[in-house]
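K.L.:
Let me see the structure of the following:
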Amino acid sequence: MDNVKSINILLKSISYFDYNAIELKGSDDLKKRLYMHFPIVIMDANMVDLLYVEELRVDELKHLLSEGKFHYNSMIFINSIHQTPEKQELWRKLVALPMITVSIDMFHCGVLFIRKEQVKEHFTIRI
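P.N.:
Numbers count the residues shown, from 1 in each chain. This is a model prediction of the structure:
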């Protein structure tokens, strides 16, 4: 994760939502940085508050859902959603899934929420 804006959004999100159980797919450097800012964070719990990924395919998301990995307030943070045409297409497919009720495209990254009681909404925010 070399994008400073994405890192800042991630750190602010963890603080704002008071997330404790986090799963990071990818960078060990990012894990070290998170521990510096949030020393009591729990990594790779059975149920997570926040999942960070560089890329997420629809079948991977469905598998995580079937494992019960998320709760009502869980956030899925995807970095660099516009980096390549392939990543843009993956993002569009994820946003289109009926189970995704809130999606936020911040250009440098994207955030997904699965809130069954909420009407489907998509936001585009330029940061």
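K.L.:
hey, let's count contacts and neighbours off CA atoms from now on
P.N.:
Will do.
K.L.:
what helix or strand is the spatially most central residue of the chain on?
P.N.:
Closest residue to the average C-alpha location of the chain: residue 77 at 1.4 Å, with Cα atoms, centre = their mean. Applying DSSP states H and E as the criterion places residue 77 in strand 70-79.
K.L.:
For that strand, which helices and strands make contact with it?
P.N.:
For strand 70-79, the packing partners by 3 or more Cα pairs under 8 Å, 6 or more residues apart in numbering; DSSP states H and E come out as strand 48-53, strand 109-113.
K.L.:
Relative to the whole chain's centre, how far out is the last one?
P.N.:
How far strand 109-113 lies from its chain's middle: 5 Å, per Cα atoms, centre = their mean, to the nearest Å.
K.L.:
Pull up the pairing partners for the helix or strand following that strand, direction included.
P.N.:
Next in sequence after strand 109-113, counting helices and strands by DSSP H and E, comes strand 121-124. Partners of strand 121-124 in the sheet, by DSSP bridges, are strand 102-105 (parallel).
K.L.:
just the CA coordinates of stretch 61-78, formatted as PDB?
P.N.:
Taking Å, rounded to 0.1, in the frame of the first residue of the first chain, the C-alpha atoms of stretch 61-78 are listed here in PDB:
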ATOM      1  CA  LEU A  61     -16.300 -12.100  -1.000                       C
ATOM      2  CA  LYS A  62     -19.000 -14.700  -1.100                       C
ATOM      3  CA  HIS A  63     -16.700 -17.200   0.600                       C
ATOM      4  CA  LEU A  64     -15.900 -14.700   3.400                       C
ATOM      5  CA  LEU A  65     -19.600 -14.100   3.800                       C
ATOM      6  CA  SER A  66     -20.300 -17.800   4.000                       C
ATOM      7  CA  GLU A  67     -17.700 -18.100   6.800                       C
ATOM      8  CA  GLY A  68     -19.500 -15.400   8.800                       C
ATOM      9  CA  LYS A  69     -16.500 -13.100   8.700                       C
ATOM     10  CA  PHE A  70     -18.500  -9.900   8.900                       C
ATOM     11  CA  HIS A  71     -21.000  -8.200  11.200                       C
ATOM     12  CA  TYR A  72     -23.400  -5.300  10.700                       C
ATOM     13  CA  ASN A  73     -20.800  -2.600  11.000                       C
ATOM     14  CA  SER A  74     -17.900  -4.400   9.200                       C
ATOM     15  CA  MET A  75     -16.100  -2.500   6.500                       C
ATOM     16  CA  ILE A  76     -14.400  -3.900   3.500                       C
ATOM     17  CA  PHE A  77     -11.600  -1.600   2.400                       C
ATOM     18  CA  ILE A  78     -10.200  -2.100  -1.100                       C
END
